[in-house]
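Novice: structure for the following, please:
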Amino acid sequence: MIEEKNNIIELLSDYDMNTKRNSKDIHNSMIVIEGENIIGYGSYIPIKIEDDCIGIIDVILIKNEFRNQYIGDGLIKSLLNLADKKGISKVYALSNKKESLFYKKLGFVKRDKLDEALIKETSLNNIFLEADTEVFEAKLPDFFNKACKSNL
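Specialist: Down below sits the predicted model:
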């Protein structure tokens, strides 16, 4: 387990991403393995708001040489399945305009903004939500009842 965590930290640092992960993160994350190498990592942050529990995609990362092979699609769907099994009702993804087509193809629904209760609960603010940030939502388990959108 320590070796896998070190491999995840190495992968994240290779792509200039935050490497500070605590032990709770591992319960809300997944890795993609090719042979004996970690080639992808994804995680979400669970947030309890009143009687509801939602999630925000924290990281989705696939090594460059493995991109455009639908591995990211599978990683997102696996994360959503994990979130659904843990009682998460909605998962939000924040994306820049360049990457937003990825979430649209997967079947996420574009929203105008994040829910005000979510912003208040998580202390998210305008620093986190830059001008070109787009918000996407997947309602669980309904997300899995839709046809695949990957061929857009």
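
Novice: centroid residue for this protein?
Specialist: residue 57 (2.8 Å; C-alpha atoms, centre = their mean).

Novice: secondary structure element for that one?
Specialist: Following DSSP states H and E, the helix or strand that holds residue 57 is strand 52-62.

Novice: tell me the pLDDT of the residue nearest to the centre of the chain.
Specialist: We have a pLDDT of 93 for residue 57.

Novice: ranges for the helices of the protein?
Specialist: Using DSSP state H, the helices of the chain run over residues 2-14, 71-85, 100-106, 116-122.

Novice: give me the neighbour count for residue 145.
Specialist: Neighbour count for residue 145, taken as other C-beta atoms under 10 Å: 7. In this view, the C-beta of every residue, glycine as well, is placed from N, C-alpha and C.

Novice: if I look at it, how far off is residue 12?
Specialist: Residue 145 sits 33 Å away from residue 12, going by C-beta to C-beta, to the nearest Å.

Novice: quick one: residue 141 and residue 36, what's the gap?
Specialist: According to C-beta to C-beta, residue 141 and residue 36 sit 34 Å apart.

Novice: looking at the two, which is more packed in?
Specialist: More crowded of residue 141 and residue 36, by other C-beta under 10 Å: residue 141, with 14 against 6.
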